[in-house]
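Peer 1: the amino acid sequence is not available; the structure is as follows:
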């Protein structure tokens, strides 16, 4: 379904806003609580944060609210929906990891997973590329 909205929002240009400040800002805008209703993953080397909503909300409306919010503009941050994908990269994997283990792990519905079609291991990087049957299975 191409009209399905992502459950994750990317915040770009976060360097002027501390982690705690960003989390409070997100709580203020959404009316939700971190950990119970959403998670935040900071990716400082890319100057972004990914907010994933556990509680069902209209993420398109949330992005719109962010673009109009005074503090978001003051910090010169932008928000956009995270593109839906069928492929993810798993990093920092143990040396002994197997493709079978990764398939079972990423197919676990409690973790937000779904049917995995292919796993490619990169032992020299301790990483793997995991491809799902559709974009709904990803963690």
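Peer 2: Looks like it arrived, so ask away. This structure is a prediction, so every number in the text was calculated from the model and none was measured. Numbers count the residues shown, from 1 in each chain.

Peer 1: same question for the helix ranked longest in the chain: list its buried residues.
Peer 2: Longest helix in the chain, counting residues (DSSP state H): helix 19-30. For helix 19-30, the neighbour count (16 or more other CB atoms under 10 Å) marks 22-23, 25-26, 29-30 as buried. For glycine as for every other residue, the C-beta is placed from the backbone atoms N, C-alpha and C.

Peer 1: farthest-separated two in those?
Peer 2: Greatest spatial distance among the buried residues of helix 19-30 (CB to CB): 22 and 30, at 12.1 Å.

Peer 1: which residue ranges of this structure form helices?
Peer 2: 19-30, 59-68, 70-74, 99-106.

Peer 1: now render those helices as CSV, adding mean pLDDT.
Peer 2: Below are the helices of the chain laid out as CSV (pLDDT from 0 to 100):
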stretch, mean pLDDT
helix 19-30, 95
helix 59-68, 96
helix 70-74, 96
helix 99-106, 94
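
Peer 1: nearest to residue 45, out of these?
Peer 2: When those are compared by CB to CB, helix 19-30 sits nearest residue 45, at 14.5 Å.

Peer 1: show residues contacting that closest one.
Peer 2: Applying CB atoms under 8 Å, 6 or more residues apart in numbering, the contact partners of helix 19-30 are 11, 14, 17, 32-34, 37-38, 40, 42, 49, 51, 53, 57, 62, 65-66, 69, 71-72.
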